[in-house]
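Undergrad: Need the 3D shape of this:
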Amino acid sequence: MGAHSQTGLVAAASCEDYLKGIIKKHELTRPDKEDDRVRHIEALESQTGPVFLVYRANSAIDAFVAKQTTEAPTIDFTAVDGVRHSAWVIADPAQIQFIGS
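TA: Got it, this is the predicted structure:
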């Protein structure tokens, strides 16, 4: 958007890892908001919203992402608000394993 650029990874995360404390909660949530979200998930039988996760600074992952984004994106469009969105698919099992380790 303008001169601003934001890069991240979109991936699946294990609910089991969250329950075991491997994925840490980053904030305390209000019980009413948490209860509302649980009711929503139960009604739809699905989690429909994104969950944002972060990882500690890692130069190897930074280099990996930088290299991937030099290739032509799989998806590339500009939304009606003028913001450009680009996405690169990582399908190679070894690359997926690298990111997950």
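Undergrad: use CA for all of it now, contacts and neighbours both
TA: Noted.
Undergrad: Pull out the buried residues from the host helix or strand of residue 97.
TA: Per DSSP states H and E: residue 97 is located in helix 93-100. Residues of helix 93-100 include none that count as buried (16 or more other CA atoms under 10 Å).
Undergrad: CA atoms only: put that helix into PDB for me.
TA: This file holds the C-alpha atoms of helix 93-100, laid out as PDB (Å, rounded to 0.1, in the frame of the first residue of the first chain):
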ATOM      1  CA  PRO A  93       8.000 -31.100   1.000                       C
ATOM      2  CA  ALA A  94      11.600 -30.200   1.900                       C
ATOM      3  CA  GLN A  95      10.900 -26.500   1.900                       C
ATOM      4  CA  ILE A  96       7.700 -27.000   4.000                       C
ATOM      5  CA  GLN A  97       9.700 -29.100   6.500                       C
ATOM      6  CA  PHE A  98      12.400 -26.400   6.700                       C
ATOM      7  CA  ILE A  99       9.700 -23.800   7.500                       C
ATOM      8  CA  GLY A 100       8.100 -26.000  10.100                       C
END
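Undergrad: Please look at residue 96 and residue 89 and confirm they touch.
TA: No. Between residue 96 and residue 89 there is no contact under CA atoms under 8 Å: 10.3 Å.
Undergrad: Understood, closing this out.
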